[in-house]
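> Okay, sequence plus prediction incoming.
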Amino acid sequence: MSQGQKRMFMSQEKNLYFPKVSVLISAFNRPHMLKKALESVLNQTYPNIEIIIGDDSTDDGVESLVKPYLNAYDHIKYVRNAEASRNLSGFANTLTLFSMATGEFVNFLHDYDFFHREKIEKMVHSFLQLPNVKLVTSYRQIVDDAGSELPPVVSTAKLFHQNSLINGKNLGKLMLSQFTNFIGESTTVLFRKSDLMEGWSRYGGVHHVVLSDVATWMSLLAQGDAVYIAEPLSYSRIYLGHNQMNPADLELGCIAEWASILLSSFENQLIELTEYKGYLRQWNERWDSRIHELMAIENQAFIMQGVRNKCLRLLEDIPQVCSI
């Protein structure tokens, strides 16, 4: 058998026993951090990974870093996004990457985060062992700029001290009850692409820009169970990002999207009417006054289409909904 035939045979065997995983890396002006993120994928113990890098940068630093890797590895793809698409905190970049993914499984990776070397292997194993699982997540370790470990915050605290299979609806309700993403950012989670029938960031027919990861997790949890791996399989600098929305837009968008996710959860029968009303009261108690404060701020663009009016309508509708 020639070397070419051997390589083809090995490739076919790999695809047969190890479903392809697409790791989608969003990059923005941080080549020094991207190098660590990319190397953490190249060093994975799992053998069948495609890597797609979407570059939203305003300079050529990322492109210069990536070029040698493109020459050395045939499973890395790179796309430089047009300036017009660099908006809404990389949202267009995320959608582009998701559309390009050809793997059965998908895992996003921010350029400022990185993986444990066994992350993909352990998460795919969970899927192959448990057929009703729709997402696999893990404890994620917060790190500083230098990669040194930091103590957890509320949203990153360890959910379980051992690997656990969790009912999807119960996990969704936990997030809704506290308006907190306990599952993790997109870097943390592995999922099947085909399970997102509406696509990335859509839940109940609604596109979510600020809480795109939460909306996606809720869509998956409405269909089945989740696995939580107790050891840290991803390392995250959660305070970084490249949001181009002003802070008032960002906060108001987050508030409005939690309410939208509540409604979709009720319509998708993930929660019952009494639960929906209870969560909506909690939403109102937490954010009623804050919404008015945000909308009183001068010189804020409120660029997210309809967010301001949506929040006002929600405040008006809550008494009627809660009286049903």
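Noted; the coordinates are in hand. Nothing here was measured: the structure is a model prediction, and the numbers come from that model.
> so where's the stretch 151-300 of the chain uncertain?
239-245, 298-300 (pLDDT under 70).
> where do the strands sit along it?
Per DSSP state E, counting those that start in this stretch, the stretch 151-300 of the chain has strands spanning 164-166, 190-192, 202-203, 206-207, 225-236. These are given in chain order.
> What are the contacting residues of the third one?
Spelled out, it's strand 202-203. 196, 208, 215-216, 218-219, 260-261, 264, 268 (Cβ atoms under 8 Å, 6 or more residues apart in numbering). C-betas here are computed from N, CA, C, even on glycine.
> at 7 Å instead, please
With contact meaning Cβ atoms under 7 Å, 6 or more residues apart in numbering, strand 202-203 is reached by 215, 218-219, 261, 264.
> What strands line up against that strand, and which way round?
strand 206-207 (antiparallel) (DSSP bridges).
> quick one on the thing from earlier: just flag the most distant two among the contacts of strand 202-203.
For these, the farthest-apart pair by Cβ to Cβ is S219 and I261; their separation is 9.7 Å.
> May I ask which helix or strand encompasses I120?
Per DSSP states H and E, I120 falls inside helix 119-129.
> need the contact list for I53.
25, 27, 66, 78.
> Inside helices: which ones of those?
Cross-referencing those against helices under DSSP state H gives V66.
> And the contacts of I53, which is closest to S138?
Distance to S138, by Cβ to Cβ, is smallest for I25 among these, at 18.5 Å.
> and the nearest residue to I166 once chain neighbours are set aside, what are its bridge partners?
Of all residues not flanking I166 in the chain, A226 sits nearest, at 4.8 Å (Cβ to Cβ, 6 or more residues apart in numbering). Residues in a beta bridge with A226, per DSSP bridges, are L135, I166.
> residues contacting M175?
181-183, 214.
> From the residues you listed, list the buried ones, please.
Buried subset of the contacts of M175 (neighbour count, 16 or more other Cβ atoms under 10 Å): 182-183, 214.
> how about the helices of this protein, start to end?
So, for the chain - with DSSP H - the helices run 3-17, 31-42, 61-72, 91-100, 119-129, 168-178, 212-221, 247-267, 273-296, 307-322.
> just the angle between the fourth one and helix 212-221, please?
This means helix 91-100. Orientation note: helix 91-100 sits at an angle of 40 degrees relative to helix 212-221 (axes from the mean of the first three to the mean of the last three Cα atoms, to 10 degrees).
> Run through who's touching helix 91-100.
Residues from elsewhere that reach helix 91-100, judged by Cβ under 7 Å, 6+ apart: 24, 26, 52, 54, 56, 77, 79, 81, 85, 199-200, 209, 212.
> Give me the buried subset of these.
24, 26, 52, 54, 56, 77, 81, 200, 209, 212.
> if I pick the last one, what's in contact with it?
Residues counted as contacts of S212 (Cβ under 7 Å, 6+ apart) are 91, 94, 200-201.
> can you check the third one too?
Taking Cβ under 7 Å, 6+ apart as the contact definition, I52 lies against 22, 24, 77, 97, 100-101.
> Grab the nearest non-local neighbour of it.
The spatially closest residue to I52, leaving aside those adjacent along the chain, is K77, at 4.6 Å (Cβ to Cβ, 6+ apart).
> Break this structure into its domains for me.
As assigned by automatic domain parsing, the chain contains the domains 3-236, 247-322.
> from those, which stretch is densest packed?
Highest mean neighbour count of those: domain 3-236, a mean of 18 (counted as mean count of other Cβ atoms under 10 Å).
> and that domain, how far out from the chain's middle?
Remark: domain 3-236 is offset 7 Å from the chain centroid, using Cα atoms, centre = their mean, to the nearest Å.
> For the remainder of this discussion, apply numbering that starts at 45.
Yep, numbering from 45; the last one is domain 47-280 now.
> Of the contacts of M219, which is the nearest to P91?
Ranked by distance to P91 (Cβ to Cβ), those are led by I227 at 26.7 Å.
> What separation is there between the closest one and E337?
In this view, I227 and E337 are 29 Å apart by Cβ to Cβ, to the nearest Å.
> do D103 as well
D103 is 37 Å from E337, where distance means Cβ to Cβ.
> Repeat that for I315.
Distance check for I315 against E337: by Cβ to Cβ, it reads 28 Å.
> Distance of the residue nearest the centre of the chain relative to P175?
The residue lying closest to the centre of the chain (Cα atoms, centre = their mean) is S230, at 2.3 Å. In this view, S230 and P175 are 24 Å apart by Cβ to Cβ.
> what does G268 give?
9 Å.
> what do you get for P196?
To P175, P196 is 31 Å away according to Cβ to Cβ.
> what does T232 give?
The gap separating T232 from P175 is 22 Å, by Cβ to Cβ.
> before we move on, what about N151?
For N151 relative to P175 (Cβ to Cβ), the value is 19 Å.
> got it, and A136?
A136 is 34 Å from P175, where distance means Cβ to Cβ.
> H160: which of the buried ones among the contacts of helix 135-144 is nearest?
Ranked by distance to H160 (Cβ to Cβ), the buried ones among the contacts of helix 135-144 are led by L68 at 17.8 Å.
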